[in-house]
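[1] A predicted structure for the sequence below; I have some questions about it.
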Amino acid sequence: GNPGTGKTTIARKMGELLQSMDVLPFNKVVEVSRATLVGKYMGDTPKIVNKICDKAIGGILFIDEAYTLSAENDVYGKEAIDTLIKRMEDDRGKFVVIAAGYKDEMDSFLMINPGLASRFTHKMHIEDYNEDELLAIFKNMASEEQYTLSPAAEYKLLDLIFKMVVRKTSNFGNAREMRNLLDATIQ
């Protein structure tokens, strides 16, 4: 999904859900990115990935922007992927791996190694939020901060959100845009 669509939030909720269903023993989500998975020297990366996988046993390993591991000529990223594939096979059923990122990049990521695509058997694309959903997100965030909107303010806000959605680019932050808008409004 695109920025601000809730990928990390969903991974965290999956930890709660899978533990409540007794699929996993712990409600634990180990969140990592390329920076935390790769080492500085050849041979460091497998050790790092194995330690992180050990930490995720019984819970979820969440790899944000996973496609950054698959950059062309990235030897360390390839080492991380190869080690992860081995751990996913060796420890099958002991932990869940969720890899997140933007749709096109994730599709390419899964195609770089046949073993990778076959281990990620469930895929979910999170669509951008529409105007009504963005308004509801803004109102919910405002409520958490003890703010309420007058009918006139809500009308103006919906107009502003509509204009934001019409002009959005691929970098549109969805819920993150609403957080920034609320912060600017409060200021």
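    That came through, no problem. Numbering: from 1, shown residues only.
[2] run through the strands of the protein in chain order.
    Secondary structure of the chain (DSSP state E): strands at 29-32, 60-63, 96-99.
[3] what's the closest of those to residue 90?
    Smallest distance to residue 90 across the strands of the chain (CB to CB): 12.5 Å, for strand 96-99. In short, each C-beta sits where N, CA and C put it, glycine included.
[4] what pairs with the closest one, parallel or antiparallel?
    Paired strands of strand 96-99, with direction, are strand 60-63 (parallel) (DSSP bridges).
[5] can I get the CA coordinates of the partner strand in CSV?
    The C-alpha coordinates for strand 60-63 follow below in CSV (Å, rounded to 0.1, in the frame of the first residue of the first chain):
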residue,chain,number,x,y,z
ILE,A,60,5.7,-11.7,13.9
LEU,A,61,8.7,-10.3,12.0
PHE,A,62,7.6,-7.2,10.2
ILE,A,63,9.9,-6.0,7.4
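[6] pLDDT on it, on average?
    Strand 60-63 shows a mean pLDDT of 97.
[7] then stretch 9-16?
    Stretch 9-16 comes out at a mean pLDDT of 94.
[8] centre of the chain versus it, how much separation?
    Centroid separation between stretch 9-16 and its chain, computed with CA atoms, centre = their mean, to the nearest Å, is 10 Å.
[9] please list the residues outside that stretch that contact it.
    Applying CB atoms under 8 Å, 6 or more residues apart in numbering, the external contacts of stretch 9-16 come out as 24, 26-29, 31, 59-60, 62, 96, 98, 100, 124, 126.
[10] most neighbours among those, which one?
    For the contacts of stretch 9-16, the largest number of neighbours (other CB atoms under 10 Å) sits with residue 62, at 24 neighbours.
[11] name the nearest residue to that one, ignoring sequence neighbours.
    What sits nearest to residue 62 in space, not counting adjacent residues and going by CB to CB, 6 or more residues apart in numbering, is residue 11, at 4.2 Å.
[12] residue 89 reaches residue 119, doesn't it?
    Yes. At 7.3 Å, residue 89 and residue 119 qualify as touching, with contact defined as CB atoms under 8 Å.
[13] more neighbours, the two?
    Neighbour count, other CB under 10 Å: between residue 89 and residue 119, residue 119 has more, with 16 against 11.
[14] could you count how many residues lie near residue 164?
    Neighbours of residue 164 using other CB under 10 Å come to 16.
[15] repeat that for residue 109.
    Other residues within reach of residue 109, judged by other CB under 10 Å, total 25.
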